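1. Pasted the sequence and its predicted model underneath.
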Amino acid sequence: MKRVLRVVGRSPDRTRPVDLGVLLGALPNAVVLLDAENRFKYVNQAAEQFFGQSASQLAQLTLGDLVPEDSPIFLLIEQVRAGEVTIADHDLQLESVRLRKRGITVQGTPLPEEPGSILLTLQDASTARTLDRQLTFRSAARSVTGMAAILAHEVKNPLSGIRGAAQLLEASVSPNDRELALLIRDEADRIRALVDRMEIFGEKPIERTGLNIHRVLEYVRKLAQTGFAPHIRFSESYDPSLPPVWGNRDQLVQVILNLVKNAAEAITGSGNTHGEIVLATGYQHGMRIAIPGSMVRLDLPLLVCVRDNGPGIAEDIRQHLFEPFVTTKPTGSGLGLALVAKIVGDHGGLMQVESRPGRTEFRLHLPVLHEDAEARP
Ligand SMILES: Nc1ncnc2c1ncn2[C@@H]1O[C@H](COP(=O)(O)OP(=O)(O)OP(=O)(O)O)[C@@H](O)[C@H]1O
Ligand SMILES: [Mg+2]
């Protein structure tokens, strides 16, 4: 199907041909052409993402290979074929072993030139919602930016004064009072550590290089196994052919460390003695993400997953998970995931979370190093 459209400029001589595939590839919605036997005849990039399969894999399949026979989507397709009219469903459930999509918007249009063929457009409402929320998280993280700057500048200086004074007192007061002076010093240290953690929220440009994400993952795994998670089993599922990520090593260590720490704390907190954390990477061909409500499309083919078999994220905090100071832990600061959202956002990446009892997965979509990366602003 090689058709060419003409793009109309302001004057007739400024028209130029554009390949239809390029236009369809740029659409944020999944577009699928099915033949009379429901075989995939054409899929755009958003459709590859929607079905989680590449175009060449889909070319070998029918829709029935991916969706159970009794799915309402087949009813819609039959109605389109029978009536030769366009039919849309704005809340269709699409569930199968491979797909778990609820409330998708599907539109089916017959193609009279090719009898039996149907053009389907699909939009995954949950993806749109996840991305929406991700963007809100990012702005929530930004909202602490100003506060972080104030804390860093206005609190640190007097704090070192307080700490110094407490240290002087320690040397000159009675043993009983010394304890109080020590308490002041320790608490001052605790505030200082909190402020240091907040400082990352400041708007500083990040320095990036091309780096091997597996080194970052392995570094964090060793930290965990020798430090805070010696009792937990780690397994890795790395894609060895992964290209370098375009990022800042120390910040990515912080991201993975926070995710692994949370996973370990969730497992330990639930008393699970068969705790397991899986670190996985992968490359998603044609993985581009369209931001709802904007024209921006991100090219984020690199996938990093941190998965645990803990009890899952508490229902009541899910909507606010990435906001600062949201925590269920008695001694938690609730800054870990806000920090993760901020760093991933600064890298131009996106994050998704899926959680149920026994399986919580944080997925990071990150950009790869391009040849011209150094030249970028
Ligand atoms: N893997 C996970 N499984 C279950 N719950 C999680 C998981 N990761 C995060 N959470 C929940 O999200 C909350 C927020 O996490 P976040 O890392 O932002 O803060 P925290 O871990 O409570 O404190 P901090 O990281 O500052 O020490 C946690 O308190 C926990 O309830
Ligand atoms: Mg944490």
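-> Nice, I can see it. Ligands and ions are numbered 1, 2, ... in the order given.
2. any low-confidence regions in this structure?
-> Within the chain, the segments meeting pLDDT under 70 span 1-18, 97-98, 100-103, 125-153, 200-204, 285-298, 370-377.
3. Quick check: Leu27 touching Val43?
-> No - assessed by CB atoms under 8 Å, Leu27 is found out of contact with Val43, at 11.5 Å. Just so you know, the C-beta spots here come from the backbone N, C-alpha and C atoms, and that holds for glycine as well.
4. Of those two, which one has the most company?
-> Applying other CB atoms under 10 Å to Leu27 and Val43 shows that Val43 carries more neighbours, namely 27 against 14.
5. Relative to ligand 2, how far out is Gly282?
-> For Gly282, the distance to ligand 2 (CB to the ion, to the nearest Å) stands at 25 Å.
6. Quick check: that residue is in a strand.
-> Yes - assessed with DSSP: H, G, I helix; E, B strand; the rest coil, Gly282 lies in a strand.
7. does it have beta-bridge partners, and which?
-> On the basis of DSSP bridges, Gly282 is bridged to Leu303.
8. Can you name the residues that contact it?
-> 239, 242, 303, 305 (CB atoms under 8 Å, 6 or more residues apart in numbering).
9. Just give me the closest of these to ligand 2.
-> Taking CB to the ion as the measure, ligand 2 sits nearest to Cys305 out of the contacts of Gly282, at 17.3 Å.
10. is the helix or strand where the closest one lies anywhere near ligand 1?
-> Element membership of Cys305 [criterion: DSSP states H and E] is strand 302-308. Yes - judged by CB under 6 Å from any ligand atom, strand 302-308 comes into contact with ligand 1 through Asp308.
11. Only the C-alpha atoms, please, for that strand, written as CSV.
-> Output in CSV follows, covering the C-alpha atoms of strand 302-308 (Å, rounded to 0.1, in the frame of the first residue of the first chain):
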residue,chain,number,x,y,z
LEU,A,302,15.6,2.2,26.7
LEU,A,303,13.6,0.4,29.4
VAL,A,304,14.8,-0.3,32.9
CYS,A,305,12.5,-2.2,35.4
VAL,A,306,12.8,-2.7,39.1
ARG,A,307,10.3,-5.3,40.3
ASP,A,308,9.6,-6.8,43.7
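12. For it, what is the distance to the chain centroid?
-> Chain-centre distance of strand 302-308: 9 Å, with CA atoms, centre = their mean, to the nearest Å.
13. mind putting the contacts of Gly282 in JSON lines, neighbour count included?
-> Compiled in JSON lines, the contacts of Gly282 are given as follows (neighbours: other CB atoms under 10 Å):
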{"residue": "Asp239", "neighbour count": "14"}
{"residue": "Leu242", "neighbour count": "18"}
{"residue": "Leu303", "neighbour count": "19"}
{"residue": "Cys305", "neighbour count": "17"}
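14. got the contact list for Leu279?
-> By CB under 8 Å, 6+ apart, the contact set of Leu279 is 217, 221, 234-238, 256, 260, 304-306.
15. and it, which of the three is it?
-> Look at Leu279: counting by three-state DSSP, its state is strand.
16. how much space is there between it and Arg249?
-> Shown here: Leu279 relative to Arg249, a distance of 16 Å by CB to CB, to the nearest Å.
17. circling back to that earlier point, after the strand holding Cys305, heading C-terminal, what element do we hit next?
-> helix 336-346.
18. Partner strands of the next helix-or-strand element following that following helix, with direction?
-> Proceeding N to C from helix 336-346, the next assigned helix or strand is strand 350-356, under DSSP H and E. Its sheet considered, strand 350-356 pairs with strand 359-366 (antiparallel) by DSSP bridges.
19. Give me the domain ranges for this structure.
-> Per automatic domain parsing, the domain ranges recorded for the chain read 4-123, 129-199, 209-375.
20. Tell me the residues of the stretch 251-377 of the chain that contact ligand 2?
-> Contact residues, the stretch 251-377 of the chain versus ligand 2 (CB under 5 Å from the ion): 262, 336.
21. can you do 8 Å?
-> Counting by CB under 8 Å from the ion, the residues of the stretch 251-377 of the chain close to ligand 2 are 258, 261-262, 265, 327, 329, 332-337.
22. Please pick the buried ones from the residues you listed.
-> Among these, those scoring as buried are 258, 261-262, 265, 334-337 (criterion: 16 or more other CB atoms under 10 Å).
23. Among these, which pair sits farthest apart?
-> Greatest spacing in these, by CB to CB: Glu265 and Leu335 (13.9 Å).
24. Ile77 contacts Ile118, doesn't it?
-> Yes - with contact defined as CB under 8 Å, Ile77 and Ile118 form a contacting pair (5.9 Å).
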